[in-house]
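J.: Using only what follows, build the 3D model:
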Amino acid sequence: MRTAKSIVAGALVFALGAGMAQAKIPVAPMDDAAKAQAEEKKAKAAEGAKKAAELLAKAQDRVVERYKIEHGKGGKAAPEAKAAAPAAKK
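T.: This next block holds a predicted model:
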């Protein structure tokens, strides 16, 4: 019985310790210089993302052009869709 109590007490101490270790620490308020620096960093990141998107679009356009050249400009015509047969009434 004593062993069970010590195991339960140990588990309780562990659980409380783990909960306290994971508690959020409040963030210190930012001063004006830090806010300006954060905004500048955010603007640079947005500019980098915009450039990356433009490069991706150019690369995709090159792939499409190469595909059209290799497979003929018109490509194969898609087969016409057949009209679905009306469902039989019961």
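J.: so Met72, which of the three states?
T.: No Met there; residue 72 is Gly. Here Gly72 is recorded as coil under DSSP: H, G, I helix; E, B strand; the rest coil.
J.: Which neighbouring elements make contact with the least confident helix or strand in the chain by mean pLDDT?
T.: Least confident helix or strand of the chain, by mean pLDDT, DSSP states H and E, is helix 2-21 with a mean of 77. Using 3 or more Cβ pairs under 8 Å, 6 or more residues apart in numbering; DSSP states H and E as the contact test, no helix or strand touches helix 2-21. Just so you know, the C-beta spots here come from the backbone N, C-alpha and C atoms, and that holds for glycine as well.
J.: can you give me the offset of that helix from its chain's centre?
T.: Centroid separation for helix 2-21 versus its chain: 38 Å, with Cα atoms, centre = their mean, to the nearest Å.
J.: try stretch 36-51
T.: Offset of stretch 36-51 from its chain centre (Cα atoms, centre = their mean): 18 Å.
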